[in-house]
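Colleague: Provide a 3D model corresponding to the input given below.
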Amino acid sequence: MKVIRIICILLGAFLVLDTILVSFLSNYNLGVILPAIIGLPLLLLGAFMHHMDAGFGAFLKWFLLCCYALGAVFLLVMGILMGTASKRADKVDADALIVLGAAVHGDRVTWVLSNRLDTAADWLESHPDALCVVSGGQGSGETVSEASAMQKYLVGQKGVEPSRILVEDKAESTKENFEFSKALIEQTLGKDAKIAFVTTDFHVFRARRVALKTGIDAEGIAAPDVWYIRINNFLRECVGITVYALRGNI
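Modeller: Below is the predicted model:
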């Protein structure tokens, strides 16, 4: 039990510290606070476990340990689903590539979004006949639409020909990303066009399931995540997948 106690204290402290540090480095969202929500009870459990040997204390101790064990299994399953959903860019062929938007700072793309765009640019270079759809509306704190910032980055930073880029600047959700982009692609290339999409690695599984719901059988290409928020994004995506599944959205 001493080993379990030490593990609880160390893991709990790590998760709480993650929230504290990431809160200074990232936009505030559920992913930022989730490690602390998970870690603080774990830290307290480890700190007081040696006093929880009888009565309600013993019940609470074993109840929490069982919950965390089940949670670990759940996270493992989610990790497998996310890890096996994406395909390497060199294995995906398509007539059009949808780049799913992410938050921008003012009119500048974030690190997360630039990784998606860099991945898209590499794929477009090896598929010179394909078109690209940049998809994303304008959100809070953004001076331009995500799609506009994405187009500017691809043209200015990556040298993609403007004529190859279709701009979809109204979408406010992943579902709308696919619905609105599909309409643009069909108008330009017809209904038989083969479609792929780029998003951050942890998001590929859910995005592909959403695409299928909108009638698009698209392969997902994974862009790398930002290393210091990987835990936060992974935990938030686990919640997202669960909520979407319960609502019947995937």
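
Colleague: what's the local residue count around residue 106?
Modeller: 9 (other C-beta atoms under 10 Å). Bear in mind the C-beta positions are built from the backbone N, C-alpha and C, glycine included.

Colleague: just to check, it is in contact with residue 138?
Modeller: No - applying C-beta atoms under 8 Å as the test, residue 106 and residue 138 come out as separate, 11.2 Å apart.

Colleague: any common contacting residues for these two?
Modeller: The contact sets of residue 106 and residue 138 overlap at residue 144 (C-beta atoms under 8 Å, 6 or more residues apart in numbering).

Colleague: quick check: mean pLDDT of stretch 238-250?
Modeller: In this model, stretch 238-250 has a mean pLDDT of 92.

Colleague: ok, which stretches of the protein are helices?
Modeller: 2-22, 30-48, 55-85, 111-126, 146-156, 174-189, 204-213, 230-247 (DSSP state H).

Colleague: flag every buried residue along the last one.
Modeller: By neighbour count with 16 or more other C-beta atoms under 10 Å, helix 230-247 contains the buried residues 231, 232, 233, 234, 235, 236, 237, 238, 240, 241, 244.

Colleague: likewise for the fourth one?
Modeller: By neighbour count with 16+ other C-beta under 10 Å, helix 111-126 contains the buried residues 112-124.

Colleague: nearest to residue 183, of these?
Modeller: Within the buried residues of helix 111-126, the smallest distance to residue 183 is 19.7 Å, found for residue 120 (C-beta to C-beta).

Colleague: that closest one contacts residue 98, correct?
Modeller: No - the criterion here is C-beta under 8 Å, and residue 120 misses it with residue 98 at 9.0 Å.
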